[in-house]
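Trainee: Task: produce atomic coordinates for the following.
(one chain, ligands or ions: 1)
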Amino acid sequence: MTSILFVCLGNICRSPLAEGIFRNTLEEAGQVESVRIDSAGTGAWHEGNPPDPRSIEVAARYGIDIAGQRARQVRQEDFSDFDLILAMDKSNLSKLRQIAPNETMAHLRLFLDAPEQEVPDPYYGGDQGFEAVFHMLRTASERLSRMLGDQQSS
Ligand code: 4NP
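Mentor: Just a heads-up that it's a prediction; the model follows:
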């Protein structure tokens, strides 16, 4: 089973959305049984909190329920528990590289590929920011789901 951890700063805006959208994408592709998915933040400020209401709302608008998620900080075990750790932006990727144990086997990457490599932090902006983030995450989820499907059938 492949395991994937999505990481942003607070684990209340972007990575809970990434987790929910990716799970939904896998469900639609009939692949959800073969992947374990979670999300976490490099910061601990929101530990135990539900996602930001704006993330819950944009997901709900597209039929995805993320309200039951609770924020947590990245922990050392994550680097051995997950195969792939996908950061929303370069700053969180570099934080992950800093705190990863030397022997870490997990692959650390940005979730998006070029040219738009970073999922912008929508926390201090308006609702359009959350809508834009939703669509970036949906596109990246579909791409990742296709890659996993190709891997599993080869
Ligand atoms: P996230 O957004 O990293 O996408 O969850 C943020 C949420 C909260 C804060 C920063 C970013 N904060 O500073 O509290």
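Trainee: Tell me which stretches of the protein form strands.
Mentor: Along the chain, counting by DSSP state E, strands occupy 2-8, 35-41, 84-87, 107-110.
Trainee: avg pLDDT for the last one?
Mentor: Read it as strand 107-110. Along strand 107-110, the predicted local confidence has a mean pLDDT of 97.
Trainee: quick one on the thing from earlier: can I get the strands of the chain in CSV including mean neighbour count and distance to the ligand?
Mentor: Placement of C-beta: from N, CA and C, glycine included. As requested, the strands of the chain are exported to CSV (neighbours: other C-beta atoms under 10 Å; distance: least, C-beta to the nearest ligand atom, whole Å):
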stretch, mean neighbour count, distance to the ligand
strand 2-8, 23, 3
strand 35-41, 21, 6
strand 84-87, 24, 10
strand 107-110, 15, 14
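Trainee: residue contacts, residue 1?
Mentor: Contact partners of residue 1, counting by C-beta atoms under 8 Å, 6 or more residues apart in numbering, are 34-36.
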